[in-house]
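Asks: Quick one: sequence and predicted model below, then my questions.
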Amino acid sequence: MTRGGESVGEPAAVSLTKQSAKTGHRLPVWAVAGAVLLAAAGVGLWSWAPWVDRTPFTAYTVGVQDAQYTVPGSNPGTCVRTAASEEETVVFDEDGRKLAAGRAEEEGEVLGPEFGDFAGDCLIITRIDGVPGGLGTYLTSWGGGDRSEITEDELRLPATTQRDRFKTMKKSEG
């Protein structure tokens, strides 16, 4: 005979042990189900990565041409490369798929004495519109040459920041 969930004649401790055993078997099932759901949510969040900026952006690449391979431009302080002028720079994903491209400016800037080793050389900026964001690492190729690896952070740097790096850089020995 039972009364309020307890068997008549059984001590209360025995009755609680039986109930604990019944609910104790359900707890691991819920714990496992919860862990599986939590793991699935974590994997989904990691692959979706909402914190990654995937919007297309304008990339800039900046290069310097030795003064001996340039001629004066149409305005004072400008220059034009004598070879390979306005070559295309292409941005690829890591699988080699073309993502975006841009052409170098026809005229560049003659660098002043504050640029040390690069003083007198011609700085050329290439603007590349519509580079898809969020890939982290890209490959670039100028004029159909070899592909170089570059990070998204580098591609997102403003042209002025890249330009200023030449103030402290040294020309590599041939």
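Replies: Yep, it's here.

Asks: How far off centre is stretch 140-154?
Replies: Relative to the centre of its chain, stretch 140-154 is centred 14 Å away, using Cα atoms, centre = their mean, to the nearest Å.

Asks: Next: stretch 127-139.
Replies: 8 Å.

Asks: How about stretch 118-127?
Replies: With Cα atoms, centre = their mean, you get 26 Å for stretch 118-127.

Asks: hmm, who's touching that stretch?
Replies: 58-67, 69-70, 79-81, 89, 102-105, 108-113, 115, 142, 159, 163, 166, 169, 171 (Cβ atoms under 8 Å, 6 or more residues apart in numbering). (C-beta placed from N, C-alpha, C; glycine too.)

Asks: Could you work out the end-to-end span of it for me?
Replies: 21 Å (Cα to Cα, to the nearest Å).

Asks: can you check stretch 62-76 too?
Replies: First-to-last residue span, stretch 62-76, Cα to Cα: 20 Å.

Asks: tell me which residues of it are tucked away?
Replies: Along stretch 62-76, these residues count as buried under the neighbour rule (16 or more other Cβ atoms under 10 Å): V62, G63, V64, Q65, T70, G73.

Asks: Not counting sequence-adjacent ones, nearest residue to the last one?
Replies: What that stands for is G73. Spatial nearest neighbour of G73, excluding adjacent residues (Cβ to Cβ, 6 or more residues apart in numbering): E107 at 4.2 Å.

Asks: now the strands for the chain?
Replies: In the chain, the segments counted as strands under DSSP state E are 2-3, 6-7, 57-65, 70-72, 78-81, 88-92, 98-103, 107-110, 122-131, 137-142, 147-151.

Asks: for the second one, what is the average pLDDT?
Replies: Mean pLDDT, taken over the full extent of strand 6-7, equals 52.

Asks: ditto for the fifth one
Replies: When the per-residue pLDDT values of strand 78-81 are averaged, the result is 92.

Asks: What strands flank that strand, and is each parallel or antiparallel?
Replies: Sheet pairing of strand 78-81 (DSSP bridges) gives strand 70-72 (antiparallel), strand 107-110 (antiparallel).

Asks: Which among those is found nearest to G133?
Replies: Smallest distance to G133 across the strands paired with strand 78-81 (Cβ to Cβ): 27.4 Å, for strand 107-110.

Asks: Just give me how far the closest one sits from the chain centre.
Replies: For strand 107-110, the distance to the chain centre is 29 Å (Cα atoms, centre = their mean).

Asks: quick revisit: mind giving me the PyMOL command for buried ones among the contacts of stretch 118-127?
Replies: Buried residues among those (16+ other Cβ under 10 Å), as a PyMOL selection:
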select buried, resi 59+60+61+62+63+64+65+70+79+80+81+89+102+104+105+108+109+110+111+115+142+159+163+166
